[in-house]
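>>> predicted model follows, preceded by the sequence.
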Amino acid sequence: METKENIGSEEIEKEKSTSTLQSFNSSIVPANRLSLVQEYYFSRKLKEVAQLNAEGKDIISLAIGSPDMPPSEQTIEKLCEVAHQPDAHGYQPTMGTPELRQAMADFYQRWYGVELDAKCEVLPLIGSKEGILHVTLAFVNPGDKVLVPNPGYPTYTSLSKILGAQVVYYNLKEEDGWQPDFDQLEDIVDDQCRLLWTNYPNMPTGGRAQRKTYERLVEFAREHNIVVVNDNPYSFILSEEHLSILQIPGAKDCCIEFNSMSKSHNMPGWRVGLCATNATFTSWILKVQSNIESGTFRGIQLAAAEAYHNSDEWHREANITRYARRRKYAEQIMDVLGCTYDKQQVGMFLWGKIPAHIKNVEDLTERVLHEARVFITPGFIFGSNGERYIRISLCAKEEKIKEALERIKQSI
């Protein structure tokens, strides 16, 4: 007979979970805001994938945009160096160390030609999700409206709803190169609109950043007294052109830009990003941020500052050459599945339209998951304009993407 000592930890956790459910006080209910959102798609689906792997299915994941290569060597060395310093482990300023803020300003000057005052126009973030939270709290009152792209990053919608904002969608369409429809924006904007979320290079579609789009967004912001927030973590991935909305004259007065080290510097788990805008907006966002967060570990901040000085050669290999090799196999997967796609798209995903004879995108993605044992993303999670699309991540080794291709060829 099994005893408590020799049954597995998984079984013990199941016992604990069952016991907890039985003793739960059912008269306690969650906040009303939880009814407005669901658990994040990948949070739910990865549980299923984990279960399939536990059953020996060996799923290849081409779903998540988490770079699988390490940061530069000097970045890691700086982290280790600082971690050994006995005085480096105390609380740090919420607005970041001077070294990190200066490195962020230097990075924008070097790659985008944008001048930022490191003292008051750049603010470190622990990621774009947190930035979305802080900016929404700083600019949007409950009941105000925010303009969100469809398709777009789901967090623009979910956090807005949690914070009591009204979400108003604007269309991005393939025939427009996934650029905003400004005629539609003029029709839907009103005095209650406080923020417009935009994201170029675009995720999930791979639509390229265009200077003319940025110019029109700045003009739109000025005309309607609205703040445009451009989420810009993909400008280095498969792209030789580095564009920022802050390159447009006057943009700093009405626009905010997020940037992230997760994609461009292979540092997703480090949680380092930035918010760049004018000094007044920065002070408002910091007021929120300082009441929610404490400063990131000094070692991470100084290592991130080091990473911002990676060489041109490092960026070319990490962000262009490697992903270009992987992209060739992802394109072959799209071809095998009968999907159409724009070969000019950029970023670390490949976005493709499913064949007309397939009724529902999940009919395809679930078949690929359970028959070919490859996890790819259905486009509906990004909005109704993504319902006929799939997304393939390039964040897997070439041999894994090639193996996924062979599995799909044999199974589908």
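Okay, I see it.
>>> sketch out the low-pLDDT regions of the protein for me.
Low-confidence segments of the chain (pLDDT under 70): 1-25.
>>> swap in 50 and give it another go.
The model of the chain has pLDDT under 50 over residues 1-12, 14.
>>> could you pull out the strands for it?
60-61, 122-125, 145-150, 166-171, 193-198, 227-231, 255-260, 273-276, 340-341, 349-353, 374-375, 377-378, 389-393 (DSSP state E).
>>> any idea which of the ones you listed gets closest to residue 108?
strand 273-276 (6.4 Å; Cβ to Cβ). For the C-beta atoms, the positions are set from N, CA and C on the backbone; glycine is no exception.
>>> neighbouring strands for the closest one, and are they parallel or not?
Counting by DSSP bridges, the strands paired with strand 273-276 are strand 122-125 (antiparallel), strand 255-260 (antiparallel).
>>> distance of residue 141 from residue 165?
To residue 165, residue 141 is 8 Å away according to Cβ to Cβ, to the nearest Å.
>>> give me the common contacts of these two.
Counting by Cβ atoms under 8 Å, 6 or more residues apart in numbering, the common neighbours of residue 141 and residue 165 are residue 194.
>>> out of the two, which sits in the more crowded spot?
More crowded of residue 141 and residue 165, by other Cβ atoms under 10 Å: residue 165, with 23 against 11.
>>> hang on, that one packs against residue 145?
Yes: the pair residue 165 and residue 145 qualifies as a contact (Cβ atoms under 8 Å) at a distance of 6.7 Å.
>>> what touches both of these two?
residue 194.
>>> report the separation between the residue nearest to residue 142 when sequence neighbours are not counted and residue 281.
Of all residues not flanking residue 142 in the chain, residue 164 sits nearest, at 3.3 Å (Cβ to Cβ, 6 or more residues apart in numbering). From residue 164 across to residue 281, the span is 21 Å (Cβ to Cβ).
>>> more neighbours: which of those two?
residue 281 (22 against 14).
>>> show me what contacts the more buried one?
Residue 281 neighbours (Cβ under 8 Å, 6+ apart): 138, 227, 256.
>>> let's see that with 10 Å instead.
Residues counted as contacts of residue 281 (Cβ atoms under 10 Å, 6 or more residues apart in numbering) are 121, 123, 135, 138, 139, 227, 252, 253, 254, 255, 256, 275.
>>> quick one: the closest residue to residue 40 other than its chain neighbours from residue 58, how far?
Using Cβ to Cβ, 6+ apart and skipping residues adjacent in sequence, the residue nearest residue 40 is residue 154, 7.1 Å away. Distance, residue 154 to residue 58, using Cβ to Cβ: 28 Å.
>>> more neighbours, those two?
Set residue 154 next to residue 58 and count neighbours by other Cβ under 10 Å: residue 154 wins out with 18 against 10.
>>> hmm, back to that, okay, the strands of the chain in a markdown table with distance to residue 42 and mean neighbour count next?
Putting the strands of the chain into a markdown table (distance: least, Cβ to Cβ, whole Å; neighbours: other Cβ atoms under 10 Å) gives the following:
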| stretch | distance to residue 42 | mean neighbour count |
| --- | --- | --- |
| strand 60-61 | 10 | 20 |
| strand 122-125 | 21 | 26 |
| strand 145-150 | 19 | 24 |
| strand 166-171 | 20 | 18 |
| strand 193-198 | 20 | 23 |
| strand 227-231 | 18 | 24 |
| strand 255-260 | 17 | 25 |
| strand 273-276 | 19 | 26 |
| strand 340-341 | 22 | 16 |
| strand 349-353 | 13 | 25 |
| strand 374-375 | 10 | 24 |
| strand 377-378 | 8 | 25 |
| strand 389-393 | 11 | 26 |
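>>> of the ones you listed, which is nearest residue 314?
strand 255-260 (17.0 Å).
>>> got the CA coordinates for that closest one in PDB?
C-alpha atoms of strand 255-260 as PDB (Å, rounded to 0.1, in the frame of the first residue of the first chain):
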ATOM      1  CA  CYS A 255       2.800  60.400 -28.100                       C
ATOM      2  CA  ILE A 256       4.300  57.800 -25.900                       C
ATOM      3  CA  GLU A 257       6.500  55.000 -27.200                       C
ATOM      4  CA  PHE A 258       7.300  51.700 -25.500                       C
ATOM      5  CA  ASN A 259      10.300  49.700 -26.400                       C
ATOM      6  CA  SER A 260      11.500  46.400 -25.000                       C
END
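>>> which residue sits closest to residue 216, ignoring its sequence neighbours?
Spatially, and ignoring its direct neighbours in sequence, residue 216 is nearest to residue 182 (5.7 Å; Cβ to Cβ, 6+ apart).
>>> pretty sure the one you found sits against residue 170.
Yes: counting by Cβ atoms under 10 Å, residue 182 does reach residue 170; the two are 9.1 Å apart.
>>> JSON lines for the contacts of residue 281, including distance to residue 374?
Shown next, in JSON lines, are the contacts of residue 281 (distance: Cβ to Cβ, whole Å):
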{"residue": "121", "distance to residue 374": "44"}
{"residue": "123", "distance to residue 374": "39"}
{"residue": "135", "distance to residue 374": "36"}
{"residue": "138", "distance to residue 374": "41"}
{"residue": "139", "distance to residue 374": "41"}
{"residue": "227", "distance to residue 374": "40"}
{"residue": "252", "distance to residue 374": "44"}
{"residue": "253", "distance to residue 374": "47"}
{"residue": "254", "distance to residue 374": "44"}
{"residue": "255", "distance to residue 374": "39"}
{"residue": "256", "distance to residue 374": "37"}
{"residue": "275", "distance to residue 374": "36"}
